[in-house]
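Visitor: sharing a model prediction with you, sequence too.
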Amino acid sequence: MRGDYQQLVDEISAALGAPATLEDRDFGLIAFGAHEGDDDEVMDPVRTRSILQRRSSAAVRAWFEAFGIARATTALRIPPDPAAGVFRGRICLPVRHGGIVHGYVWLLDDGHLTDLELGGRGAPPDPRIAQAMETAARIGALLADEARAGSELSDLLRELLTSGPGAPGAAEAALREALRDTLRFPPGSPLTLVAVLPWDTTDAGAAPMPSLPGLLAACALPAGTGLPATAETPRTGQAPAGHAPDPAGKNGGTGRPHHPLSPTRPHPVSPTRPHPVSPTRPHPVSPVPALAALVRLRSPGSLAPAHTVAEQLLRSPRAGAAPAGKGSGAAGRTAAPRPRAAGIGTGTTELADLPAAWQQALDAARAARAEPRLGPVTQWDTIGAYRLLTALPTVGPDPSVDTLLAPAHTELARTAEAFLDCAGQAGRTAQVLGIHRQTLYYRLGRVKKLTGLDLDEGQDRLLLHMALKAARL
């Protein structure tokens, strides 16, 4: 289908004698026409960025949308705006089908299209514009068909990732059949899942899922989606083992356990190796809405296509920082918004492994949001100790470190974490923190008094280190 888009874009470029670019409604690049001639200036910065980065900037998008391109039914002329980086005017052909805009064809105007009649207000369009609009309508029909197929695949992917005990087999079979019939995807081909956190699910019609090479299907999962009733989470409302219920709603009325540095939704116990879904094992739950993206790989061990898709998805307007103040407890109320992040699960050739790959991707995204040095895109097999920490239930911190995690002791907690990250090497820790070694010793002494933990003892170090890392999640 990508070849069809390219052919149609080339037709428009040839008809109007101008380089054309096709973008989806989310301003993601789909195809672009060849630039003929020796005038390098026709490759203005906006078009160059769109081709090289496969997306336009927010300023450019705002400038174009201010002219009503999302509502237009005829060609529009867009003047330049150097402040937004738009140094050349262009003609926009809205790509519509069934009364819905699915994308835009952009034509750079180097001056030879200035007097071209675009139509509207009773005036007929130039025959070349009329021909280009007919071609744009054919593109719209293709995009609409692709959107319908993508919506069906998204629903099946969501069903597989959130299905209850005994249902994954049926969901797996349905997804396999749809991939084969819709995308001619051969069984046994390698694939993986990408998780993007957070993902805006408030208005699914605001912007479509980006159309990216290698992206087979994508579905948005609202916060808390995917926790079916199991032995660990019965429908009666009984809290899982190790979780104290909150019937009085002291944690925002959620009925969930309190944690001072993390959102209120618990992350269930889960193994860290991929395997088919077990009827007694709950699916992973994200405390914020997430996007699950199914990506085709070249081989199970080659995750480069997943990295490319993840990077592009993070540029979508629907991927963004979570609002501040969503954590529970005093520390959560003062914490800064966490960054957007994407996680990648291990590659597999079995659709039955996708729920486990989704858990890995979600855990990797959570780790990347908690530990900026891992992100913004990270693989599950590179997150180290977070492979274990993300599999643990979200419960309150150990009583010995509870005081240290208070906002008043943020600097002491950071010092202790840096000291443990540096394997207890004082000189290296002081260099990392940019402080004198005596200052470091003073702070560590205060940490010992607050926690009662002896940093010369391995067990105490382990407890403190894991508690500090877990608090990030």
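Guide: That came through fine.
Visitor: from here on, just use CA atoms for contacts and neighbour counts.
Guide: OK.
Visitor: so who does the residue lying closest to residue 94 once chain neighbours are set aside touch?
Guide: Leaving aside its sequence neighbours, residue 94 sits nearest to residue 104 (CA to CA, 6 or more residues apart in numbering; 4.8 Å). Residues near residue 104 by CA atoms under 8 Å, 6 or more residues apart in numbering: 22, 23, 24, 25, 92, 93, 94, 95.
Visitor: how far away is the first one from residue 134?
Guide: By that I understand residue 22. Distance, residue 22 to residue 134, by CA to CA, to the nearest Å: 15 Å.
Visitor: show me which of those two is the more surrounded one.
Guide: Legend: neighbour count by other CA atoms under 10 Å for residue 22 and residue 134, higher for residue 22 (28 against 14).
Visitor: that one belongs to a strand?
Guide: Yes - applying DSSP: H, G, I helix; E, B strand; the rest coil, one finds residue 22 inside a strand.
Visitor: for it, give the beta-bridge partners.
Guide: Beta-bridge pairing for residue 22 (DSSP bridges): residue 31, residue 105.
Visitor: just residue 92 next, same as before
Guide: Counting by DSSP bridges, residue 92 is bridged to residue 76, residue 106.
Visitor: rewinding a little: top of the contacts of residue 104 by number of neighbours, please.
Guide: Going by other CA under 10 Å, residue 95 tops those with 31 neighbours.
Visitor: CA atoms only: put the host helix or strand of it into CSV for me.
Guide: Assessed by DSSP states H and E, residue 95 sits inside strand 90-97. The C-alpha trace of strand 90-97 is given here as CSV (Å, rounded to 0.1, in the frame of the first residue of the first chain):
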residue,chain,number,x,y,z
ARG,A,90,2.6,26.1,-0.2
ILE,A,91,-0.7,24.8,-1.4
CYS,A,92,-2.5,22.3,0.8
LEU,A,93,-4.7,19.6,-0.7
PRO,A,94,-6.9,18.2,2.1
VAL,A,95,-7.1,14.4,1.8
ARG,A,96,-10.7,13.5,2.7
HIS,A,97,-13.0,10.5,2.5
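Visitor: show me what it is in contact with.
Guide: Contacts of strand 90-97 (CA under 8 Å, 6+ apart): 69-70, 72-80, 101-109, 132-133, 136-137, 139-141, 144.
Visitor: go on, stretch 64-79?
Guide: 88-94, 96, 101, 118-120, 129, 133.
Visitor: what subset of those residues is buried?
Guide: 88-94, 96, 101, 118-119, 129, 133 (16 or more other CA atoms under 10 Å).
Visitor: from these, which is closest to residue 351?
Guide: residue 101 (33.5 Å; CA to CA).
Visitor: go ahead and confirm that closest one touches residue 25.
Guide: Yes - if you go by CA atoms under 8 Å, residue 101 and residue 25 touch, sitting 7.0 Å apart.
Visitor: and the angle from the helix or strand where residue 156 lies to strand 90-97?
Guide: Applying DSSP H and E as the criterion places residue 156 in helix 127-162. With axes from the mean of the first three to the mean of the last three CA atoms, to 10 degrees defining the directions, helix 127-162 sits at 50 degrees from strand 90-97.
Visitor: CA atoms only for stretch 154-166 - export them in PDB, please.
Guide: What follows is stretch 154-166, C-alpha atoms only, in PDB (Å, rounded to 0.1, in the frame of the first residue of the first chain):
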ATOM      1  CA  SER A 154      -6.100  -2.700  17.300                       C
ATOM      2  CA  ASP A 155      -9.300  -4.100  18.800                       C
ATOM      3  CA  LEU A 156      -7.900  -7.700  18.400                       C
ATOM      4  CA  LEU A 157      -4.500  -6.700  19.900                       C
ATOM      5  CA  ARG A 158      -6.300  -5.100  22.900                       C
ATOM      6  CA  GLU A 159      -8.400  -8.200  23.300                       C
ATOM      7  CA  LEU A 160      -5.300 -10.400  23.400                       C
ATOM      8  CA  LEU A 161      -3.500  -8.200  25.900                       C
ATOM      9  CA  THR A 162      -6.500  -7.800  28.200                       C
ATOM     10  CA  SER A 163      -8.300 -11.100  27.800                       C
ATOM     11  CA  GLY A 164      -9.200 -13.100  31.000                       C
ATOM     12  CA  PRO A 165      -8.300 -16.600  31.900                       C
ATOM     13  CA  GLY A 166      -8.900 -19.200  29.100                       C
END
